[in-house]
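> Using only what follows, build the 3D model:
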Amino acid sequence: MRCLVLSDIHANFPAFEAVLEDAKKRDLQYDVVWCLGDLVGYGAFPNECIELLQTQPHLCLAGNHDWAVLDKLDISTFHDAAAYVVKWTREHLKPENFAYLNARKEECLIENEDVHLVHASPRAPIWEYISDLYVAEENFGKFSTSLSMHGHTHIPVIFIEDSKQKNVRFKIPEFGVPFMLKAGTRYMINPGGVGQPRDGDPRAAYGLLDTTQRIWTPYRAEYNIKQAQEAMREVGFPRRLVDRLEFGR
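Presented below is the predicted three-dimensional model:
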């Protein structure tokens, strides 16, 4: 199966559209879209992103911003700018799209493909950041498949565990370069963020997982950043959220 893997779309419709168009131009011929959560938050197009995803064959998980909009998460843990957008999204989300978000699961085990999916981490599916080797090492013990995929940090990375020695290392992926998932080795892969990258590259990040060939290929897509920013300005979003899109931070 060929899976287009996305995370952290964050209501950035221009970025999401660009990813789907980029995948089409590359003729990736995917069978399904796996969205690892945070469809909403930060951006000004929550309804459009939810509705676009539903035009695709897909599986979508819940993220922390999705939960915050649903009032399943206390937004006192969010910084002021993020909390502002959560409140705005609650007011502007269509009832049917609210219901869609509310039906999302925290994690998913796809046994026939030997893959585990989650937004944040296997240990804490909604909130924990896997941002260093220590946290990654602890999380390898929290899933049983050879591969787990997560988002949340908005930073593309591959964590690798040697099954014999149990040592954990990481690799920053090369975009457009296929990465073979070897037998006897376990992985945790983050595709990066579609709607708000944080690795210094403002292009939308995504990837293709071929579960038959056991190959992960990461990609980046250029998108109309100014269009996303203008929509955010029009509805009065905090400037820090608007500005950061062009820097990928």
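
> pretty sure residue 205 is touching residue 220, no?
Yes. Shown here, residue 205 and residue 220 form a contact pair, counting by CB atoms under 8 Å, at 5.8 Å. The way it works is simple: take the backbone N, C-alpha and C, and place the C-beta from them, glycine included.

> quick one: low-confidence ranges for the protein?
Scanning the chain for pLDDT under 70 picks out 165.

> Pull the number of nearby residues for the nearest residue to residue 121 once chain neighbours are set aside.
In this structure, residue 121 finds its nearest non-sequential neighbour in residue 128, 4.0 Å apart by CB to CB, 6 or more residues apart in numbering. By other CB atoms under 10 Å, 19 other residues sit near residue 128.

> and if you look at residue 25?
Count around residue 25 with other CB under 10 Å applied: 9.

> separation between it and residue 219?
Here residue 25 is placed at a distance of 10 Å from residue 219 (CB to CB, to the nearest Å).

> For this structure, which segments count as helices?
Taking DSSP state H, the helices of the chain run over residues 13-25, 46-53, 64-69, 80-92, 95-102, 133-139, 225-234, 239-244.

> out of the ones you listed, deepest packed?
Among the helices of the chain, helix 64-69 has the highest mean neighbour count (mean count of other CB atoms under 10 Å), at a mean of 26.

> Tell me which other helices or strands that one touches.
Packed against helix 64-69, as judged by 3 or more CB pairs under 8 Å, 6 or more residues apart in numbering; DSSP states H and E, are the following elements: helix 80-92, helix 95-102.

> Distance to residue 172 for those helices - can I get that in JSON lines?
As requested, the helices and strands packed on helix 64-69 are exported to JSON lines (distance: least, CB to CB, whole Å):
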{"stretch": "helix 80-92", "distance to residue 172": "26"}
{"stretch": "helix 95-102", "distance to residue 172": "31"}
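
> Looking at those helices, spot the one closest to residue 60.
Smallest distance to residue 60 across these (CB to CB): 8.3 Å, for helix 95-102.

> What is that closest one packed up against?
helix 46-53, helix 64-69.

> any chance of those helices in CSV, plus distance to residue 187?
As requested, these are arranged in CSV below (distance: least, CB to CB, whole Å):
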stretch, distance to residue 187
helix 46-53, 25
helix 64-69, 23
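
> residues contacting the residue nearest to residue 197 when sequence neighbours are not counted?
Computed as CB to CB, 6+ apart, the closest residue to residue 197 that is not its neighbour in sequence is residue 248, at 4.4 Å. Residue 248 sits next to 197, 198, 199, 200, 201, 202, 203 when contact means CB atoms under 8 Å, 6 or more residues apart in numbering.

> if we can go back for a sec, if we compare the helices of the chain, which one ends up closest to residue 155?
Using CB to CB, the helices of the chain put helix 133-139 closest to residue 155, at 12.5 Å.

> Contacts for that closest one, please.
Against helix 133-139 from outside (CB under 8 Å, 6+ apart): 121-123, 128-130, 148, 159, 161, 168-170, 188.

> who wins for neighbours among the residues you listed?
residue 130 leads these on contacts (other CB under 10 Å) with 28 neighbours.

> these two touch, right, that one and residue 189?
No. Under the criterion of CB under 8 Å, residue 130 makes no contact with residue 189, lying 10.5 Å away.
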